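[1] need the 3D shape of this:
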Amino acid sequence: MNLEELFNQYKEESIQGRYITLDSIEPLLQKLNTNNQLKIIGKSVLGKPVYSYQIGEGETKIFLWSQMHGNESTTTKALFDFLNVLNSGSDLAKQLLRNFTFCSIPMLNPDGATLYTRENANKVDLNRDSQNLSQPESKILRETFESFKPDYCFNLHDQRTIFGVSDTGKSATLSFLAPSYNEEREINESRLKAINLIAGINEVLQQYLPNQIGRFDDSFNINCIGDTFQSLGVSTLLFEAGHFANDYDREETRKFVFMALVSSFTTLCENVIVDNRIDKYLNIPQNKVVFYDLMYKNIKINYDGIEIITNFAAQYKEELIENQICFNAYISQIGELENHFGHYVYDAKGALYKDDYDNFPKLNQKADFYLDNNIKFVNGMIKI
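    Below is the predicted model:
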């Protein structure tokens, strides 16, 4: 099966970019609701509906949820691409629907999605509320988990552009984790099933995304939903959608999440998972914070009358302005950048730095500046 061709065939073209709200997906859910698969399972803090979509008649139950964090929308797009496959009537769809029953919550945090924030409307991180269950959205997720009784949980998230695949200089475009179920990070039957499946996904995806897949940190936190569900004996997989070169809208990353979903279920269908793939799982390099969005090297700065050569880096802040996500670059590090990488790197070769303030880069300052070779940078990039 060519997963690239499959994605191009079933990509949901009506949703693009990073700002995916309930208004974006409600028409799609209604379109897919051909046989009463869609239900309102609760309301958010601000009274918005939280939907579940259930399809299939197979014995193995799969529970997926996305946008637990409102500003993490890549997996939502990929989930709709995958739902298009399930509704296609193709041989693959028939196979998957025969083997599995899928229950998905495409947007757990609709208020956070509208506000483009990680938290919900009460400023609570739902992924730290799995024990207190203080928020309506947390209760909805837990109640659905308990009523559906899944065999596998898929916890779908985005991760920041700062993550690389260990020290390789490659961005972690996708990262996976079989969460721990206890402080000792031991491996029991449910965690081993998740580990084996991730190893299988990685094997398939290396053909499409070589050396850009990482393994997320497995420190145990019972307040995180994945750790809670794993501790309750249900095999849980964390998906983290990250950065691909020049893809801040995460349309390429979306494709790889789709591939990971399809390969998850075809792997389970074909029952090709061997008893123990712990070594293959542990051989997936661990995520490491090694990237800046923008890096500037060999910049000359006039510092108290002394000219020095230094480096600095900038990170984008994703800011919602008039219903658009704007990537605004702010200086985040000055000086030594050893063992770090940039998604964009500019070597000034000793050109003198100037700006409209003090001619000296400062932390949290907007990355607007000039070099004395008549090059102007606006929002971190050269203005042509």
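[2] give me the most central residue, the chain.
    residue 158 (1.7 Å; C-alpha atoms, centre = their mean).
[3] could you point out the longest strand in this structure?
    In the chain, assigned by DSSP state E, the strand with the most residues is strand 306-321.
[4] what residues of that strand count as buried?
    For strand 306-321, burial by neighbour count (16 or more other C-beta atoms under 10 Å) applies to 310-316. (C-beta placed from N, C-alpha, C; glycine too.)
[5] adding distance to residue 53 and pLDDT, write the residues you listed out as a markdown table.
    Formatted as a markdown table, those follow (distance: C-beta to C-beta, whole Å; pLDDT from 0 to 100):
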| residue | distance to residue 53 | pLDDT |
| --- | --- | --- |
| 310 | 53 | 96 |
| 311 | 48 | 97 |
| 312 | 46 | 98 |
| 313 | 42 | 98 |
| 314 | 40 | 98 |
| 315 | 35 | 98 |
| 316 | 33 | 98 |
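[6] out of those, flag the one nearest to residue 262.
    Nearest to residue 262 out of the buried residues of strand 306-321 is residue 316 (C-beta to C-beta; 30.4 Å).
[7] ok, and the closest non-adjacent residue to that closest one?
    With sequence-adjacent residues excluded and distances taken as C-beta to C-beta, 6 or more residues apart in numbering, residue 316 is closest to residue 327, at 4.2 Å.
[8] just give me the neighbour total for the nearest residue to residue 348 once chain neighbours are set aside.
    The shortest distance from residue 348 to any non-neighbouring residue, by C-beta to C-beta, 6+ apart, is to residue 299 (4.7 Å). By the criterion of other C-beta atoms under 10 Å, residue 299 has 22 neighbours.
[9] same check on residue 221?
    16.
[10] check which helix or strand it maps to.
    For residue 221, there is no enclosing helix or strand under DSSP states H and E.
[11] quick one, phi psi at it?
    The phi/psi pair for residue 221 (degrees, to the nearest 10) reads phi -140, psi 100.
[12] same check on residue 192?
    Torsion angles, degrees, to the nearest 10, at residue 192: phi -60, psi -40.
[13] picking up where we left off before, list the buried ones in the following helix or strand past the longest strand of the chain?
    The helix or strand immediately downstream of strand 306-321 is strand 324-334, counting by DSSP H and E. If you call a residue buried by 16+ other C-beta under 10 Å, then strand 324-334 has these buried ones: 325, 327, 329-334.
[14] closest to residue 116 out of these?
    residue 325 (6.6 Å).
[15] give the helix, strand or coil label for residue 112.
    Counting by DSSP: H, G, I helix; E, B strand; the rest coil, the backbone at residue 112 sits in helix.
[16] residue contacts, it?
    67, 69-71, 118-121 (C-beta atoms under 8 Å, 6 or more residues apart in numbering).
[17] at 7 Å instead, please
    For residue 112, the contact set (C-beta atoms under 7 Å, 6 or more residues apart in numbering) comprises 69-71, 118-120.
[18] setting aside sequence neighbours, what's the nearest residue to it?
    residue 70 (2.3 Å).
[19] show me which residues of the lengthiest helix in the chain are buried.
    Taking DSSP state H as the criterion, the chain has its longest helix at helix 251-270. By neighbour count on 16+ other C-beta under 10 Å, the buried set for helix 251-270 is 253-269.
[20] same question, stretch 267-282
    Buried residues in stretch 267-282 (16+ other C-beta under 10 Å): 267-269, 273, 277, 280-281.
[21] nearest to residue 338, of these?
    residue 281 (30.4 Å).
[22] that closest one against residue 195, yeah?
    Yes: Residue 281 is within contact range of residue 195, at 4.5 Å (criterion: C-beta atoms under 7 Å).
[23] hang on, the earlier thing: tell me which of the buried residues of stretch 267-282 has the lowest pLDDT.
    Among these, residue 273 carries the lowest pLDDT, at 62.
[24] what ranges does the protein have for its helices?
    3-10, 22-32, 74-86, 91-99, 110-115, 136-148, 189-205, 225-231, 251-270, 278-282.
[25] just to revisit the earlier point, look up phi and psi at the residue nearest to residue 112.
    The phi/psi pair for residue 70 (degrees, to the nearest 10) is phi -60, psi -30.
[26] let me know the pLDDT of it.
    98.
[27] what's the nearest residue to residue 372 if we skip its chain neighbours?
    residue 352 is the one closest to residue 372 (C-beta to C-beta, 6+ apart), at 4.0 Å.
[28] point out where the protein drops to low pLDDT.
    Counting by pLDDT under 70, the low-confidence segments of the chain come to 272-274.
[29] swap in 80 and give it another go.
    Low-confidence segments of the chain (pLDDT under 80): 271-275, 373, 384.
[30] how close does the residue of it positioned farthest from its centre get to residue 350?
    Most distant from the centre of the chain: residue 305, at 45.8 Å, with distances by C-alpha atoms, centre = their mean. Distance of residue 305 to residue 350, given as C-beta to C-beta, to the nearest Å: 18 Å.
[31] what do you get for residue 49?
    58 Å.
[32] any idea how far residue 203 lies from residue 263?
    Taking C-beta to C-beta, one finds residue 203 at 9 Å from residue 263.
[33] I meant residue 73, not that one.
    When residue 73 is compared with residue 263 (using C-beta to C-beta), they lie 22 Å apart.
[34] for the residue nearest to residue 316, list each beta-bridge partner.
    residue 318 (DSSP bridges).
[35] for it, what are its contacts?
    248, 316, 318.
[36] give me that answer again for 8 Å
    248, 316-319, 379 are the contacts of residue 327 under C-beta under 8 Å, 6+ apart.
[37] ok, these vs residue 132, which is closest?
    residue 318 (27.8 Å).
[38] joint contacts of residue 281 and residue 195?
    residue 178.
[39] about what we covered before: quick one: the longest strand of the chain to strand 324-334, angle?
    160 degrees (axes from the mean of the first three to the mean of the last three C-alpha atoms, to 10 degrees).
[40] setting the sequence-adjacent residues aside, check what's closest to residue 169.
    In space, residue 169 is closest to residue 341, 5.1 Å off (C-beta to C-beta, 6+ apart).
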